[in-house]
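Colleague: Pasted the sequence and its predicted model underneath.
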Amino acid sequence: SFAMRTVEKLLFVSALLLASYGASAGSVGQQKILESVSAFSKNFPSSGSIAPKGDYGGIDCGVCLVVVDIVEQLAVIHSATIEQVLDKICTYFPSPFDSTCQNFVNTYGPMIIAGFAAQENSDDICNAIKICQTPDTDQCRLHPVHPSTPRARARTHAKADPQWKVRAASIFPKPPQETPWQWIMDLINRLAQKHEPVVDIARDMFSGGPHLRGSTWRGKDCNDLDAKVHPGAKHNPYKGSGADHDCNGIHGMAPDGIEWDQKLCKGSKQTGVVVMGDSAGAHFEIPPKYLTAAEIGPDTFKDLWAVVTDELDKPQRSGYTGYENDTVAIPVRSLYKYVRERNLCNHRDFQNIAVNGARSDAIEGLSMALGRNATGDHPLLMVVELIGNDVCTPSHDPNDMTLPADFYANLVNFTLSLDARVPPGSHLVAFGVVQGSLLYDTLGDRIHPIGVTYERVYNLLNCLGVNPCFMWLNSNATLRQMGDQRAAELNLMWPKVIADVTPKLKNIQGIQYYDFPA
């Protein structure tokens, strides 16, 4: 799961951003979305964009390459022409994404058609329209210059034009200042600034709505007009009313005049579940159907808005806070479900504060989004998992891997800050950093859904300067070994942190550390 999610974070997000999001940045609907999210986040410091801009077109180039490949695959699978695919594909997307798709097709469609008529592939087409500006080297191409095996090519009504690249250069003399999907990038970046519920009238860190860090991330607020009522609340502020003050679904008065919540839950040691960490905890997931040409159709992208507003994550299926099965055949087994099954009074008492790309230097800040009152709420079973980003270095510089001394300091500050803000009797579980070389070892020679090996995808990401995990998603074995060595060094810091902070803890009853499973 970690291996697939991490490598897909850039190219698969890129595919989503273009193939699904297309729209004009000037559209009124898009502007209103950006303005509303901006109003929410404008007072908060920036935590950076979802990815570095990169080189030779960077992430925009990755978008173009993946989408042009998907267009070709759709044409081959459905025995259609490129023109027919481009005419149809934008009808698959809900508003406002459909308008962006149409903007892209209107702007670049003729040259995409001309490129395929000349039997070119996505590398040549995206460079011709200047979204990519990559060197003509094998390391910087998604597809080999001379593929060893023939591939099925899409048909087009257009006649081959040997001068099509000259025409493209006259139409697109320089890289675009802003691509049609830029507004989606801006939207995701806005959402990434603050990891609290956007819709939270009571300002108690819980929401009645599912997305935008709402109830898919935290237990549903059963009264978003009252800050005294929320999941995990210990005391009923309206004694004798039978109100569901902790949103666990237990309410009303028993025949003897005692509140049902008191009769059933008092003394049961209610405990909430919290995860703080990275994309593994948030359960980063691009729906596979979005990138599988054989599955793309009129209903494929109907859930696109929910996917975007949940930051491309599925916290409701996380191994820590999951509660919703993927399918009947793939049930969710999560820490929250286990705690809830042991004591149904814990219903809805969970919080997922994991964030894609989180490192140890950000974990203390992320923990500030925890919705818990040290005196008025039940204790917590908390998990902190930082399993890779302190090694991954999206900057592509090995010197930017977190130093063990810095990792230690970050965790000490986080733990002591957290201890001051949680109820007495809480517990903390920590997981170590993964030996991430398993990513390349497992996937390197396998075929990526877009039709090339993962090794070629990794090399392209390196060329573009947008590889989200340079140290491990890399064909350079020396770099992968350096990453594993640093991961082992960082893991040695957790026992030291626990030994040094435990005597200072007041509310956290204990800390348990586990190495990441091999």
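Modeller: Great, that's in hand.
Colleague: My guess is residue 301 contacts residue 98. True?
Modeller: No. Judged on C-beta atoms under 8 Å, residue 301 makes no contact with residue 98 at a distance of 9.3 Å. Bear in mind the C-beta positions are built from the backbone N, C-alpha and C, glycine included.
Colleague: More neighbours: which of those two?
Modeller: More crowded of residue 301 and residue 98, by other C-beta atoms under 10 Å: residue 301, with 23 against 19.
Colleague: That one and residue 468, how far apart?
Modeller: 24 Å (C-beta to C-beta, to the nearest Å).
Colleague: what's the answer for residue 228, then?
Modeller: 42 Å.
Colleague: between those two, who's got more neighbours?
Modeller: Between residue 228 and residue 468, counting by other C-beta under 10 Å, residue 468 is the more crowded of the two (25 against 16).
Colleague: and residue 177, how many neighbours?
Modeller: By other C-beta under 10 Å, the residues close to residue 177 number 6.
Colleague: which SS state does it fall under?
Modeller: With DSSP: H, G, I helix; E, B strand; the rest coil as the basis, the three-state label of residue 177 is coil.
Colleague: Next one, pLDDT for the most far-flung residue of the chain relative to its centre please.
Modeller: Largest separation from the mean C-alpha position in the chain: residue 256, at 49.7 Å (C-alpha atoms, centre = their mean). If you check residue 256, the pLDDT there is 93.
Colleague: hang on, it in a helix?
Modeller: No. Per three-state DSSP, residue 256 lies outside any helix segment and is coil.
Colleague: Tell me where the model's unsure across the stretch 401-518 of the chain.
Modeller: In the prediction, the stretch 401-518 of the chain carries residues with pLDDT under 70 at positions 518.
Colleague: again, only this time at 80
Modeller: 449, 516-518 (pLDDT under 80).
Colleague: where along it do the strands fall?
Modeller: 426-431, 508-514 (DSSP state E, counting those that start in this stretch).
Colleague: so which of the ones you listed comes closest to residue 318?
Modeller: Among the strands of the stretch 401-518 of the chain, strand 426-431 comes nearest to residue 318, with 13.2 Å by C-beta to C-beta.
Colleague: check contacts around residue 56.
Modeller: Applying C-beta atoms under 8 Å, 6 or more residues apart in numbering, one finds that residue 56 lies in contact with 132, 133, 134, 135, 140, 463, 464, 465.
Colleague: Any idea how many residues pack against the nearest residue to it once chain neighbours are set aside?
Modeller: Residue nearest to residue 56 in three dimensions, not counting chain neighbours: residue 134, with 4.4 Å by C-beta to C-beta, 6 or more residues apart in numbering. Each residue near residue 134 was counted by other C-beta under 10 Å, and the total is 20.
Colleague: ok, now the one 5 residues further on?
Modeller: Burial of residue 139, expressed as a neighbour count using other C-beta under 10 Å, amounts to 12.
Colleague: and if you look at the one 4 residues further on?
Modeller: Here the count is done by other C-beta under 10 Å, and residue 143 has 19 residues near it.
Colleague: who's in contact with it?
Modeller: 121, 122, 123, 452, 456.
Colleague: Now, those residues that are in helices?
Modeller: 122, 123, 456 (DSSP state H).
Colleague: if I pick the second one, what's in contact with it?
Modeller: The one in question is residue 123. Here residue 123 is in contact with 65, 132, 134, 141, 142, 143 (C-beta under 8 Å, 6+ apart).
Colleague: Quick check: closest non-adjacent residue to residue 500.
Modeller: residue 412 (6.6 Å).
Colleague: pretty sure the one you found is touching residue 498, no?
Modeller: No. Residue 412 is beyond contact range of residue 498, at 10.0 Å (criterion: C-beta under 8 Å).
Colleague: can you list the weak-confidence ranges in the protein?
Modeller: In the chain (pLDDT under 80), the answer is 1-53, 145-155, 157-158, 161, 177-194, 291, 326-330, 394, 449, 516-518.
Colleague: which residues in it form strands?
Modeller: 272-277, 350-354, 380-385, 426-431, 508-514 (DSSP state E).
Colleague: JSON lines please, covering those and showing distance to residue 474 and mean neighbour count.
Modeller: Below are these laid out as JSON lines (distance: least, C-beta to C-beta, whole Å; neighbours: other C-beta atoms under 10 Å):
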{"stretch": "strand 272-277", "distance to residue 474": "23", "mean neighbour count": "27"}
{"stretch": "strand 350-354", "distance to residue 474": "25", "mean neighbour count": "28"}
{"stretch": "strand 380-385", "distance to residue 474": "23", "mean neighbour count": "24"}
{"stretch": "strand 426-431", "distance to residue 474": "24", "mean neighbour count": "21"}
{"stretch": "strand 508-514", "distance to residue 474": "27", "mean neighbour count": "15"}
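Colleague: still on that earlier bit, closest one of the contacts of residue 123 to residue 400?
Modeller: For those, the nearest to residue 400 is residue 134 (23.7 Å; C-beta to C-beta).
Colleague: who touches that closest one in this structure?
Modeller: 56, 57, 61, 123, 127, 140, 141, 463, 464.
Colleague: which residue sits closest to the third one, ignoring its sequence neighbours?
Modeller: The shortest distance from residue 61 to any non-neighbouring residue, by C-beta to C-beta, 6+ apart, is to residue 132 (3.8 Å).
Colleague: likewise the second one?
Modeller: Beyond its immediate neighbours in the sequence, the residue positioned closest to residue 57 (C-beta to C-beta, 6+ apart) is residue 132, lying 4.3 Å away.
Colleague: Isn't the one you found up against residue 63?
Modeller: No. Residue 132 lies out of contact with residue 63 (C-beta under 8 Å); the separation is 9.7 Å.
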